[in-house]
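Enquirer: how would this look folded up:
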Amino acid sequence: MKLGILSCSPRAYSTRRLREAAVQRGHKVKVLDTLKFAIDLERGAPDLYFRRKHLSDYDAILPRIGASITYYGTAVVRQFEQMNVFSANTSSGIANSRDKLRSLQILSRHQIGIPRTTFVRDKRDVLPAIERVGGAPVIIKLLEGTQGIGVLLAETIQSAETIVELLQSQNQNVLIQKFVSESKGRDIRAFVVGDQVIAAMRRVAQGHEFRSNVHRGGVTEAIELDDEYRNTALRATQIMGLRVAGVDMLEGRDGPQIMEINSSPGLEGIERCTQLDIAGAIVDHIASHVDFPEIDLRQRLTVSRGYGVTEISIPEGADMVGSTIASSGLTDNHVNVLTLYRDASVIPNPRGDRELQAGDRLLCFGKLETLRHLVPKKTRRRRRPAVKELPELPVANQVHEDHEDPIPGPLREAI
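Expert: Residues are numbered from 1 along each chain as shown. Now for the predicted structure:
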């Protein structure tokens, strides 16, 4: 296998260990500076140049995309995907996990524990938002902080309000998050590779520091996760569209609470803590999946005109409740059920004799006209927008909604 490690820090511990692990296993490997790529776009021929030379063929890439270059880094990974090169993490997965708000929005739709979180812009909404998450103390986070940077603890409502307003005045987007008091100063890092949690450690903050990051002086201990924590880490990684991730969880009264999912997790802390070859496990996973590059399912399945992908919810009392997939009429109407979601369970490629229950959600592919009729009538009626005719207005009175006068006086006179 010819492997490219995308990294702007070739001397960093993680990059060096990944390269060493690949070389030890007999693979060809090269560290490629992510910012030295040029992305060429041409009809039917996506291509890449590296240091002004045409990039040679690679079997797989392992992205190590820093927070400061997320946009360009994910664009490079996306280009490799368009060229059918396997990536250890998808471009969409990296983008989803890097934005704390986006990642929590995605997780909130699923039965995954997360601390109660709110996001506001109007300063008048700050106090109500703090009350909704349970009042002070609260955690305030910048959307794209890493290694504990941009994470603040506000002990009182007044200090929280002041911090949020100060950060917003500097055009910073912040999250207000419930403080999980029972987990103060400690969290769990689960390291996921493929469909396994290959290592886990507990991080404990020292002194008065509430952040447990190793970069902040946190002390680590290797631990064995129980099924609930292990399954939570795996499901969160899969939902985010990642294959390699560091999942940070708080130990709440109600079980694991996902704090963050890192698409470029550092190896130094967890390898030294657990004495496990994490880098080798990552390389082995890539080698075993190199023939299965990422496919944008919706992009591929919606190319055919009139066909598409949608999710069908089965409400209480629906005709399909109690019937099997085979007898539900879906197959007769040329609708393929790709995945069945039931509570916290995900059932891929469900069998035809699987009995459907109220509350099930089906990811289906088929003719859009057929799928449209499968959406419950009340839902379909609610989604259909009511389009009304605009009253006729004199041209001189038409004003842009965001500006008092969209055309400067001299320019308007010239027109």
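Enquirer: and the pLDDT for His403?
Expert: Looking at His403, its pLDDT reads 43.
Enquirer: please renumber the chain so that the first residue is 31 from this point on.
Expert: With the count now opening at 31, the last piece we talked about shows up as His433.
Enquirer: which residues are in contact with Pro378?
Expert: Leu368, Thr369 (C-beta atoms under 8 Å, 6 or more residues apart in numbering). Yep, even glycine has a C-beta here, placed from its N, CA and C like the rest.
Enquirer: give me the pLDDT value at it.
Expert: 90.
Enquirer: swap in Met31?
Expert: For Met31, the model assigns a pLDDT of 93.
Enquirer: do Gly247 as well
Expert: On the pLDDT scale, Gly247 gets 53.
Enquirer: which parts of the stretch 331-445 of the chain are strands?
Expert: 337-343, 366-372, 375-378, 391-397 (DSSP state E, counting those that start in this stretch).
Enquirer: figure out which of the ones you listed is closest to Ile95.
Expert: Nearest of those to Ile95, taken as C-beta to C-beta: strand 375-378 at 26.9 Å.
Enquirer: mind putting the strands of the stretch 331-445 of the chain into CSV with distance to Phe322?
Expert: Listed next are those as CSV, based on distance: least, C-beta to C-beta, whole Å:
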stretch, distance to Phe322
strand 337-343, 20
strand 366-372, 17
strand 375-378, 15
strand 391-397, 19
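Enquirer: quick one: which of those is nearest Ala220?
Expert: Ranking the strands of the stretch 331-445 of the chain by their distance to Ala220 (criterion: C-beta to C-beta) puts strand 375-378 first, at 18.5 Å.
Enquirer: quickly run through the sheet partners of the closest one, with directions.
Expert: Next to strand 375-378 in the sheet, as set by DSSP bridges, lie strand 366-372 (antiparallel).
Enquirer: quick one: the strand it pairs with to strand 391-397, angle?
Expert: Orientation check (axes from the mean of the first three to the mean of the last three C-alpha atoms, to 10 degrees): strand 366-372 against strand 391-397 gives 170 degrees.
Enquirer: give the buried residues for the host helix or strand of Leu196.
Expert: Following DSSP states H and E, one finds Leu196 within helix 187-199. Within helix 187-199, the residues that qualify as buried are Ile187, Ser189, Ala190, Glu191, Ile193, Val194, Leu197, Gln198, counting by 16 or more other C-beta atoms under 10 Å.
Enquirer: where do the strands sit along the stretch 181-330 of the chain?
Expert: Using DSSP E, counting those that start in this stretch, the strands of the stretch 181-330 of the chain run over 181-184, 204-208, 216-223, 226-234, 249-252, 274-282, 285-292.
Enquirer: what's the closest of those strands to Ile136?
Expert: Using C-beta to C-beta, the strands of the stretch 181-330 of the chain put strand 285-292 closest to Ile136, at 9.7 Å.
Enquirer: the closest one to strand 274-282, inter-axis angle?
Expert: Going by the same axes, to 10 degrees, strand 285-292 makes 150 degrees with strand 274-282.
Enquirer: surely Leu48 touches Glu298?
Expert: No. Counting by C-beta atoms under 8 Å, Glu298 is not a contact partner of Leu48; they are 11.8 Å apart.
Enquirer: more neighbours, these two?
Expert: Leu48 (26 against 15; other C-beta atoms under 10 Å).
Enquirer: hang on, that one in a helix?
Expert: Yes. Secondary structure of Leu48 (DSSP: H, G, I helix; E, B strand; the rest coil): part of a helix.
Enquirer: contact partners for Asp307?
Expert: Applying C-beta under 8 Å, 6+ apart, we find Asp307 in contact with Ala51, Glu301.
Enquirer: let me know the pLDDT of it.
Expert: For Asp307, the predicted pLDDT is 96.
Enquirer: what's the answer for Arg241, then?
Expert: 55.
Enquirer: what do you get for Ile445?
Expert: For Ile445, the model assigns a pLDDT of 41.
Enquirer: so which strand or helix has Ala52?
Expert: Element membership of Ala52 [criterion: DSSP H and E] is helix 43-54.
Enquirer: okay, buried residues for that helix please.
Expert: Residues Ser44, Thr45, Arg46, Arg47, Leu48, Arg49, Ala51, Ala52 are the ones in helix 43-54 that count as buried (16+ other C-beta under 10 Å).
Enquirer: got a list of what the first one touches?
Expert: Okay, so that is Ser44. Arg94, Ser294, Gly296, Leu297, Glu298, Ala309.
Enquirer: the fifth one reaches Tyr43, doesn't it?
Expert: Yes. With contact defined as C-beta under 8 Å, Glu298 and Tyr43 form a contacting pair (4.2 Å).
Enquirer: count of neighbours near Met350?
Expert: Met350 is flanked by 21 other residues according to other C-beta under 10 Å.
Enquirer: swap in the one 3 residues further on?
Expert: Residues within reach of Ser353, counting by other C-beta under 10 Å, total 15.
Enquirer: who are the contact partners of the closest residue to Leu306 other than its chain neighbours?
Expert: Distance criterion C-beta to C-beta, 6 or more residues apart in numbering; nearest residue to Leu306, sequence neighbours excluded, is Ala229 at 5.1 Å. Taking C-beta under 8 Å, 6+ apart, we find Ala229 in contact with Ala220, Phe221, Ala252, Ile300, Thr304, Leu306, Ile308.
Enquirer: so the residue sitting nearest the centre point of the chain, which state does it fall into?
Expert: Taking C-alpha atoms, centre = their mean, the centroid of the chain lies closest to Asn126, which sits 2.9 Å from it. Assigned by three-state DSSP, the conformation of Asn126 is helix.
Enquirer: run the chain-centre distance for the helix holding Leu196.
Expert: Chain-centre distance of helix 187-199: 27 Å, with C-alpha atoms, centre = their mean, to the nearest Å.
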